[in-house]
Structures are given as structure tokens and as C-alpha cells.
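>>> Take this sequence and fold it.
(4 chains)
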Number of protein chains: 2
Amino acid sequence: MESDKDQRRSNVTLKQVAERAGVHASTVSRALNAATRSMVAEDVVARVEKAAAQMGYRRDPVAASLRTGRSKLVGVLVPDIVNPVFGPILSGVSELFASQGYSVIVADVGNDENRQLELVQGLIAHRVDGLILATVSRDDPLVDYCLSRKLPAVLVNRAEMRARLPAVISDDALGMQLAVDHLVELGHRTIGHLAGPSRHSTGYLRRRGFQLAILSHGIELQDAPCQDTLAYTREEGAAATHRLLDASPNLTAIASANDLLALGAYDALRERGLSCPADISIIGHNDMPMLDLVSPALTTVRISHKQMGRQAGQLLQAAIENNDSPPHNVVLPSQLVVRASTASPRA
Amino acid sequence: MESDKDQRRSNVTLKQVAERAGVHASTVSRALNAATRSMVAEDVVARVEKAAAQMGYRRDPVAASLRTGRSKLVGVLVPDIVNPVFGPILSGVSELFASQGYSVIVADVGNDENRQLELVQGLIAHRVDGLILATVSRDDPLVDYCLSRKLPAVLVNRAEMRARLPAVISDDALGMQLAVDHLVELGHRTIGHLAGPSRHSTGYLRRRGFQLAILSHGIELQDAPCQDTLAYTREEGAAATHRLLDASPNLTAIASANDLLALGAYDALRERGLSCPADISIIGHNDMPMLDLVSPALTTVRISHKQMGRQAGQLLQAAIENNDSPPHNVVLPSQLVVRASTASPRA
DNA sequence: GTGAAAGCGCTAACAC
DNA sequence: GTGTTAGCGCTTTCAC
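From the prediction side, this is the model:
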């Protein structure tokens, strides 16, 4: 029974390496640790390294963690791992950390938002060195929690209102400006907005960006109706589109805060027998995979989620390794991708 | 500097609880542990629980792990976290484990297949109690490695040839049978197959399933050409489709081993000025998200990946908690989803 | 520059 | 039933 567990680990301990190298365990520890290696004589380091290599020694991070408090483990909290934007984010994060010798624990909050704190406590119990949060709302108690525990954390995709924690986000205002510019250039003058949940920075900032962009073209806000949604889903997008069209029948274009919402708008248009882009132009946001294959191919604003993940990982690593980095946001530029869902309005 | 770390954990130790409850630390340990609680007098258990609750005590799994070898941590290896089939699988896995008090470490193998072993060693170093592998090929050294270490592991999505480890997969033969039945019913008699990489069970089994299904309809195999692909990507699908069409110009339908390959076939058809389903019917496999929105909406074989993840989690938990479960596969039924990419061949 | 000793927080023999 | 003791594998004072 004991032997089962024993076989699992490489099983050679610091002490064994020490015996083989003819030195004390603590010397081996120092020799094998980049930060303390300089305390040990060069020839001893060499001898220890050789012995360790021969015996296939691997440091036990769990034991080390017990002593030092650091674990080489980081946690990532995502709101919904099935949502296609989080794949690339996770990919970026884990690529970065894998190269730095960290492992990544992923916690999927799923539909149960209240479990967030619980999940984080679980991660802390496992002594994660830091947290990447893709879940936070604009004013999230989780931020206070991390702050009060002095747990290094960085936000990704969604930022927090007060910028108390570093965040990597896309330039939401720029994205909406690009979208609106494009529609106005095509000749649209009455443009609706499918707004994301306002408790998240993406929903809030994109809505504001939309309105600012509208004003920048000298269009009145009354010609730029917004409809809120409760979640970034096709269903919500369809429902909000119906409301938008009911309230403003003369609309010729919709700038959406999110691709999934835009695809929901497709559904709504289909139900109403309207055609895109002939009757209504639609533009999404995010450029999630496969949008070039939907019909019509969706014009959208591209965000590099993988890049976002990588950056967030870098920031977190910096925060872990020296606590003195002032919290600052990294804002990634977004970029218009024109496909087939936008066209000039009917004359 | 030390205080930073200290604040992070709830910081109240077994010993402190023991003092407060007026008993010894080991008694607290026993009282708070489901398996050993019965050794302690009921009133003492109550007293200990009360003290623990008052002090906000949380067991430190890292320290416990050092002693017991178990960590309440499981690892999941995925080949490519961006691929939309793995979102649902991970979601199923983590849903199950979250409810059992386990945390899930996700390792994304990415494009570097050789890193697999290294990643697994990292997971073992963190003392994972078990592994879920979504990466294995039909004859994978990783399986030997897990076996030799007696590390509980279960395969998901892809099975191993010799069934030495339990696996949760979909019924690949059934899926292809459904696909071919559907095409034959529509009147197709010359049907091509876009085969997945044969080193993975999905590619191998679906190809075999395809041929068996063809034979079951009395069609000769020479009227059922197959083209291999190197990976489940649109690009590979497009290239293989070109080869298929070049070699067998009289083909009227393609049954693909995978949705992404099928979408690649769309690309190839478009390049050739052919129309789907008018010229060629296409059927996918997996039913990944958003297929109802591509044009034409893709007929496919549905697999419940989330269910797959959940089942795999269950199997792994069973394997962790008692080593005596004989390895067996769970084969989930698949289901035909008819959309717009299949029709009768031109008269 | 290196060894000795203590201890991270917990659990499991072993006593009584 | 409960306390005592030892130790998981490592790092880090403290000596010398």
C-alpha cells in the first residue's frame, strides 16, 4: 500500500543525492537552487549536479512549498470554459507558464457565480503563487479578497473599475470606434448597439465606446439605440435584437458588443424574414473562431486572446517575483475584420 | 516578507484548534477527517468542530499531501485547448471534481507532442492523485509510463489500442454507421471518407467504422475511397478533399471523421466551384458548437463531450479511491444530427 | 563555504 | 479514545 505511492514519485531525495555526492543535504539544496548556488564552491556544485543527474533527482515542489510558501502553481479562474474566447486565453497563459516551470490550475466557475470565492479558497489552499482572473465584474469583491490576502493577481479580458489590480484587456473604445467608423463609412446613420452585461467592463466600456464613436460622427444618440443583454449568448442576442428592431424600425445596422450576440442577431433576423446585410448590417466583436464560415461571414473586431493570455501570464509572473510592480493595465489594440455581414444600407 | 505569505493562508493551524478545544492536535486531525472521525468520542468531535468553525480553520492540503501522498489534485492533459471539443470535456471533468473537493490542473500539450512526458512529470511532482489523458495515440508510451508508476489514469475521447487503461469514448463505429446509413438512404452510392490521423483511435476506428458501414450496404470498398489527414484541421480537410475529388471524380458524398475536416471540405468545394449539397453532400463528426450557423449548416454526428468529461472524471475518482476497478471502456452512443449539408445526389 | 538543527502543518504508528 | 512521537522532503537560520 505504501509502495504504491512511493513508486509514483521519482523517489530519490535530497538526502540520497547528498550521500552520493559526499556532502550534506543542505548543501545539495543550495547547489541546486539558482538563487543560492553562489554560496557553494564551484567544484561542489558540479559534483552535486552530476550526482543528481545520475540518480534522476527531481526536487519535490510540495515539500519545498511547505517550507517556503511558494508552489510554482498558478490558478486561473474562467467564467465558462466552453466559451470559445477562453481557449486561446488559457492557451496563452499556460504556454507562458509552462516555459517558466509553473503548472496551471484551471477553475471553471460555470453558471454558479457564487462559487467563485470558494474556488479561490481552494486554490489558495493549494498554495497557488498567484491568480489570473477572467471572471471579475467591474466592482468585484474578489478583488478585495485578493488584495487583503496580498495574493498576486492579474485580471484578463475584463478589467475592474478602480484598477486596483493589473489587467490585460483589449481597447474596447477603439474597437467600437472601428466598428462605428466602418458602418458610417458604408452610409449608415441609424445604428443600434447590442450591449453586453453592464456589470462587466467589456459590456460597459463597449457601450460607452459605441456612444462616443456615434457622437464623434455627429450622430444624435437618439439615432443610436442600445439594448442591454444579461449574458453573452446567442439567445440573449436574439432577444435583444427583437427589442431593438421593435423599438427602432428604421435601424439599418447593429454594432454588437460580442460575436455570440451578433450571431443571435442573425437568428432574430431570420425569424423576422430580414436579410443580412441587405436589410440590416451586423458587426460583431472578438473574432472568435469560425466566423468566416457562418453565413453571412461576420464582420467583426478582432482581439488577440492568446496574446492577452500571454501578457497576463507575464504580468502575473512579474508580480509574483517582485511585489513592487505598480498595478497597471495593458490595453491591446483591436482591429477591424471586414467580412460579408456589413454593406451599404438600401437606398 | 514572511508576513506576506502568512496572510495568504487562513493561517490557523491544527495545533491552534487543538489548544482551543482542549485536546491534542492528532485528535483534531482525526475528528476533522471523515475516515477517522469514528475513532473520536462524539462530544469531542462536536467540540473540535465548533472550535474549528469559530477559528475559520481550513486544512492545509499541501502539508497533508506531504504526509499522505494524496493531494486532491488531478491533472488533465489536452492536445490543444483551443480545439472546441476540449472545452466541454474540461467543463465536464472540472464540474465533477469540483463537487468532490478536487482541483484540476490543466496541461495543454500544444503543438509540441514530445513535451507530454515532461508535462506529466510536472504533474506528478505536484503529486496529482490521478490523470485524465485526452492526448494518447493508439499505442502511447505515456500509457506504459502511468502503468509503471501505478498512477491512476483514464483516457478520454481517444482510446488506447490495448485497453490497458479505462477510457471514455464515443461509439465511433456507430457514428460512422449512422452517417453512412443517412447518405445511402439519400441515394448516394459512391461515398468518400475524410479519415483522421490513424495513430489516434478516433481516426482509426472511424475509418474502420466507415468501411464496415459501407459493406453493410453491399457497396464495394472501391466505391468508398478514403483519404488520410495528418491532423484535425480545416487545412488538412481541404487538402484531403482535393485529393479525394481528384482521384474519384464521380463521388457524390463525403463522410468525414471530424467537423473541422468537413469544414475544410467546404473550403475545397468552394475553391473548385462546387456546391454543397447540390454537387456533393458532406457530413461531419462531433457536432462542435456553431455548426448550425455555417453555410450550409453541417449535418453531423453528435457526441456529448461534456458527458464524456463527466464520466471520465467519475472513472478516475473511482480508480483513485479504490485501486481494484478493472480497466474498462465506457462507450457513449452518438447520434445523427441532420442539417443542410446532405441531400440526394443529382439525378 | 559547509554542516547541524529546526520546523513548515499535517497524519499515522505506537503507546496507554 | 486520546496523547506522544516521529517524519513526509525540503529550506533556512545559525554556527563554525
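>>> Close to DNA strand D: what parts of chain A are there?
Residues of chain A that fall close to DNA strand D, judged by CB under 7 Å from any atom of the strand: A:9, A:11, A:13-15, A:25-26, A:29-30, A:32-33, A:36, A:57, A:59-60, A:63-64, A:66-68. To be clear about C-beta, it is placed using only N, CA and C from the backbone, and glycine gets the same treatment.
>>> Weed out the non-buried ones from those residues.
Among these, those buried by neighbour count (16 or more other CB atoms under 10 Å in any protein chain shown) are A:9, A:13-14, A:29-30, A:32, A:57, A:59-60, A:63-64, A:66.
>>> Show me which of these is closest to residue A:151.
Within those, distances to residue A:151 taken as CB to CB reach their minimum at residue A:66, with 18.1 Å.
>>> Touching, the closest one and residue B:67? I think so.
No - using CB atoms under 8 Å, residue A:66 makes no contact with residue B:67, being 9.8 Å away.
>>> re the thing from before, from the buried ones among the residues of chain A next to DNA strand D, which is closest to DNA strand C?
Taking CB to the nearest atom of the strand as the measure, DNA strand C lies nearest residue A:66 of these, at 3.9 Å.
>>> SS state for the closest one?
Assigned with DSSP: H, G, I helix; E, B strand; the rest coil, residue A:66 falls in the helix class.
>>> show me the residues around it that make contact.
Contact analysis of residue A:66 by CB atoms under 8 Å, 6 or more residues apart in numbering or on different chains lists B:62-63, B:66.
>>> mean confidence for stretch A:128-145?
The pLDDT scores in stretch A:128-145 average 94.
>>> is it fair to say residue A:100 lies in a helix?
No - in this structure, residue A:100 is coil, not part of a helix, as judged by three-state DSSP.
>>> Show me the domain layout of chain A.
Domain assignment for chain A, taken from automatic domain parsing, gives A:4-59, A:71-170+A:305-333, A:172-303.
>>> Do the second one and chain B come into contact?
Yes - interface with chain B: domain A:71-170+A:305-333 contributes A:71, A:73, A:80-84, A:86-88, A:90-91, A:94-95, A:98, A:101, A:103-108, A:110, A:115, A:119, A:121-127, A:148-151, A:306, A:323 (CB under 8 Å from any CB of the partner chain).
>>> Out of the residues you listed, list just those in strands.
Among the residues of domain A:71-170+A:305-333 next to chain B, the members falling in strands (DSSP state E) are A:73, A:103-108.
>>> can you pull the contacts of the residue of chain A at minimum distance from chain B?
Nearest residue of chain A to chain B: residue A:295, at 3.1 Å (CB to the nearest CB). Residues near residue A:295 by CB under 8 Å, 6+ apart: B:293-295.
>>> Repeat that for residue A:232.
By CB under 8 Å, 6+ apart, residue A:232 lies in contact with A:83, A:196-197, A:257-258, A:260-261.
>>> Ok, residue A:122 next?
Shown in contact with residue A:122 (CB under 8 Å, 6+ apart): A:107, B:101, B:103.
>>> go with 7 Å
For residue A:122, the contact set (CB atoms under 7 Å, 6 or more residues apart in numbering or on different chains) comprises residue B:103.
>>> Distance of it relative to residue B:255?
Computed as CB to CB, to the nearest Å, the residue A:122 to residue B:255 distance reads 44 Å.
>>> Pretty sure residue A:266 sits against residue A:276.
Yes - counting by CB atoms under 7 Å, residue A:266 touches residue A:276, with 6.4 Å between them.
>>> Which one of the contacts of residue A:295 is nearest to residue B:170?
residue B:294 (21.5 Å).
>>> got the phi/psi numbers for the closest one?
As for residue B:294, its main-chain torsions (degrees, to the nearest 10) stand at phi -70, psi 170.
>>> got a list of what it touches?
Counting by CB under 7 Å, 6+ apart, residue B:294 touches A:293-295, B:263.
>>> again, only using 10 Å
Shown in contact with residue B:294 (CB atoms under 10 Å, 6 or more residues apart in numbering or on different chains): A:290-295, A:297, B:259, B:262-263, B:266, B:284, B:339-341.
>>> For it, give its distance to DNA strand D.
From residue B:294 across to DNA strand D, the span is 52 Å (CB to the nearest atom of the strand, to the nearest Å).
>>> so how far is residue A:286 from that residue?
To residue A:286, residue B:294 is 18 Å away according to CB to CB.
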